[in-house]
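Q: Predicted model and sequence below, questions to follow.
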Amino acid sequence: MEVAQKYKTVAETGEKIIASSRRPDGTLRKEIRVRAGYVPQDEVRRYESRAQILEKQRVAIGVVGANFEGEEQKKKGASKETEEKRG
């Protein structure tokens, strides 16, 4: 089966034309015209408010001045104590 060029561009309008193709059962699909500047719904970025963007940045930075290394050691010690109580 011959592979054709996927898009043809019309110079005057900037439209793209998706070439016709054959289905596996032998029928022919029509060519599709796509307007200049069109972005498919699946490729549109999801809207994020300023608050959402700032929240992501804040979470990525973490708590300024916090030292989490000591807390991990405390948790390890506490888990040993609970295991001893259970066991």
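A: It's in.
Q: So what touches the strand or helix carrying residue 54?
A: Taking DSSP states H and E as the criterion, residue 54 maps to helix 50-61. With contact meaning C-beta atoms under 8 Å, 6 or more residues apart in numbering, helix 50-61 is reached by no other residue. No exception for glycine: its C-beta is placed from N, CA and C like everyone else's.
Q: got the buried residues for that helix?
A: Buried residues in helix 50-61, counted by 16 or more other C-beta atoms under 10 Å: none are found.
Q: Just the mean pLDDT for it, thanks.
A: Here helix 50-61 scores 88 as its mean pLDDT.
Q: go on, stretch 26-45?
A: If you average the pLDDT over stretch 26-45, you get 88.
Q: State the distance spanning the first to the last residue of it.
A: Taking C-alpha to C-alpha, to the nearest Å, stretch 26-45 runs 37 Å from one end to the other.
Q: Over to stretch 20-27?
A: End-to-end distance of stretch 20-27: 11 Å, with C-alpha to C-alpha as the criterion.
Q: again with stretch 19-37
A: End to end - C-alpha to C-alpha - stretch 19-37 spans 18 Å.
Q: What ranges does the protein have for its helices?
A: Remark: helices assigned in the chain by DSSP state H are 50-61, 69-86.
Q: distance between the shortest one and the chain's centre?
A: The chain centroid and the centroid of helix 50-61 are separated by 17 Å, computed with C-alpha atoms, centre = their mean, to the nearest Å.
Q: measure the residue most central in space within the chain to residue 35 for me?
A: Geometric centre of the chain, nearest residue: residue 45, 8.1 Å, by C-alpha atoms, centre = their mean. Here the criterion is C-beta to C-beta, to the nearest Å. By it, residue 45 lies 19 Å from residue 35.
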